[in-house]
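Q: Would you be able to build a 3D model of this:
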Amino acid sequence: MASHVAKWLQKGKVNRLLVIFTFMFVPLFLLLIFTYIPFVKMMGFSFYDMKYIGKREFIGLQNYVAVFQRDDCFKALRLSLYYIGASFVQMSLALYFASVLSTNIRGGNLFKGFMFFPFLICGIAVGFIFKFFYTRGFVLDTVLAWCGFTQDQLPYWLKDTSINNISIAATSIWRYMGQNMVLFIGAIMSVDSTMYEAAAIDGANEWNKFRYIVFPSIKTIIILNMILSITGSLSAFEPPYVITNGSFGTATYFVVMNKLAHENQKVGLASAMAVILLVIILAATLIQKLIFKYFFGEGEEESWRDKNRRRKRQVMLEKEGVL
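A: Model (predicted):
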């Protein structure tokens with residue numbers, strides 16, 4: 001019996017399936033234990049009025065209703081617009097530097113290293129760096145004083161509600177631009193060099209090369225980075241939490257959720273906020289994919305806008321009797 005089992009296991013198809021199952025089992029098991037089961041439990045918590053320790057009272061959808069009724073929850077969600085704006089700036093700068101540094105320029109690798117380095121620093125450390133950077137009379141004020149500004153002319157970068165959210169959102173530009181730049185450089189380097197040579201023969205300038213060769217070739221990476229940046233902006237936590245602890249109107253949705261869960265012990269309400277945020281992120285991702293498909297297409301696929309234009313042109317030509 002044992003010999004038959006050994007021969008069966010040594011068969012090529014069985015051996016292949018066994019290897020696949022063995023290598024998939026551990027990651028799937030860890031994903032189930034640390035992701036899916038906690039998520040299901042959190043969804044269950046959202047229907048209770050509860051603390052971490054103590055009695056639980058089932059209240060149905062009241063936590064979800066409370067999230068929409070509380071000013072601090074959705075007022076905090078509006079702050080994500082600052083981080084979304086910063087993500088567009090970050091992507092634009094990353095794409096610009098990637099276009100420049102993908103060419104063979106002197107010291108290019110050194111610049112790539114300097115720009116990618118901030119991404120290697122943990123978010124807590126970045127928060128402390130910018131906390132001292134923006135503090136009154138410290139680094140930023142000192143640099144601006146060298147440029148001729150007096151301290152009375154400068155705002156309180158972290159207390160002035162007209163500018164503090166912009167200041168904090170700007171930290172994400174510094175931290176994540178290098179990561180996106182490296183991804184863009186990898187995509188640009190994969191473009192066939194003969195296309196550049198053909199464009200140069202036709203007299204195309206650098207802008208035309210970028211518009212008609214580089215951008216269409218790397219649009220998949222651009223779309224992916226944009227989706228990750230915007231969804232990450234909706235769940236911004238480390239910068240406002242570390243730099244201001246959510247004070248002076250800088251508490252994002254995640255910071256408010258953290259305070260409700262850990263300081264106020266409203267675990268059910270915080271769980272409902274987390275579920276709603278997940279739905280918002282999924283909806284934002286879907287909307288972005290539809291928008292990008294309409295304007296730019298997906299992969300080698302033609303955009304919906306170009307398909308509609310071509311279809312309308314074809315119908316018009318058919319009516320005129322050309323086709």
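Q: Make sure residue 261 is indeed in a strand.
A: No. Secondary structure assignment (DSSP: H, G, I helix; E, B strand; the rest coil) places residue 261 in helix, not in a strand.
Q: Report the contact partners of it.
A: 267, 270, 271 (Cβ atoms under 8 Å, 6 or more residues apart in numbering). For every residue, glycine as well, the C-beta is placed using N, CA and C.
Q: repeat that with 6 Å
A: For residue 261, the contacting residues are 267, 270, by Cβ atoms under 6 Å, 6 or more residues apart in numbering.
Q: distance between the longest helix seen in the chain and the chain's centre?
A: Secondary structure of the chain read by DSSP state H shows that its longest helix is helix 267-295. Distance, stretch centre to chain centre, for helix 267-295: 12 Å (Cα atoms, centre = their mean, to the nearest Å).
Q: before we move on, what about stretch 51-65?
A: With Cα atoms, centre = their mean, you get 31 Å for stretch 51-65.
Q: Quick one: end-to-end distance for that stretch.
A: End-to-end distance for stretch 51-65: 19 Å, by Cα to Cα, to the nearest Å.
Q: just for the stretch 101-250 of the chain, where's the confidence low?
A: Judged against pLDDT under 70, the stretch 101-250 of the chain has no low-scoring part.
Q: could you redo the last one with a cut-off of 90?
A: Across the stretch 101-250 of the chain, residues meeting the criterion (pLDDT under 90) sit at 101-115, 120-124, 132, 135-145, 147-156, 160-162, 178, 183, 185-238, 245-250.
Q: and the helix or strand following the longest helix of the chain, what's its mean pLDDT?
A: As assigned by DSSP states H and E, the chain's next helix or strand after helix 267-295 is helix 304-319. The predicted model assigns helix 304-319 a mean pLDDT of 77.
Q: Give the other helices and strands that helix 304-319 contacts.
A: helix 267-295 (3 or more Cβ pairs under 6 Å, 6 or more residues apart in numbering; DSSP states H and E).
Q: neighbours of the residue lying closest to residue 294 once chain neighbours are set aside, just the number please.
A: The shortest distance from residue 294 to any non-neighbouring residue, by Cβ to Cβ, 6 or more residues apart in numbering, is to residue 304 (4.5 Å). Residue 304: 17 surrounding residues under other Cβ atoms under 10 Å.
Q: how close does residue 304 get to residue 139?
A: With distances taken as Cβ to Cβ, to the nearest Å, residue 304 is found 48 Å from residue 139.
Q: now residue 102
A: Separation of residue 102 from residue 139 (Cβ to Cβ): 32 Å.
Q: now do residue 261
A: For residue 261, the distance to residue 139 (Cβ to Cβ) stands at 34 Å.
Q: what ranges do the strands span in the stretch 51-200 of the chain?
A: Here the stretch 51-200 of the chain has its strands, by DSSP state E, counting those that start in this stretch, at 57-58.
Q: mind listing the helices for it?
A: Ranges of helices in the stretch 51-200 of the chain, per DSSP state H, counting those that start in this stretch, are 62-69, 71-78, 80-101, 108-120, 123-134, 139-146, 164-189, 193-201.
Q: Is it possible to get a markdown table of these that adds mean neighbour count?
A: Formatted as a markdown table, the helices of the stretch 51-200 of the chain follow (neighbours: other Cβ atoms under 10 Å):
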| stretch | mean neighbour count |
| --- | --- |
| helix 62-69 | 16 |
| helix 71-78 | 15 |
| helix 80-101 | 20 |
| helix 108-120 | 14 |
| helix 123-134 | 17 |
| helix 139-146 | 13 |
| helix 164-189 | 21 |
| helix 193-201 | 11 |
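Q: Can I get those in JSON lines including distance to residue 158?
A: Listed next are those as JSON lines, based on distance: least, Cβ to Cβ, whole Å:
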{"stretch": "helix 62-69", "distance to residue 158": "28"}
{"stretch": "helix 71-78", "distance to residue 158": "17"}
{"stretch": "helix 80-101", "distance to residue 158": "14"}
{"stretch": "helix 108-120", "distance to residue 158": "20"}
{"stretch": "helix 123-134", "distance to residue 158": "5"}
{"stretch": "helix 139-146", "distance to residue 158": "10"}
{"stretch": "helix 164-189", "distance to residue 158": "5"}
{"stretch": "helix 193-201", "distance to residue 158": "46"}
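Q: Which one of those lies nearest to residue 277?
A: Nearest of these to residue 277, taken as Cβ to Cβ: helix 71-78 at 8.1 Å.
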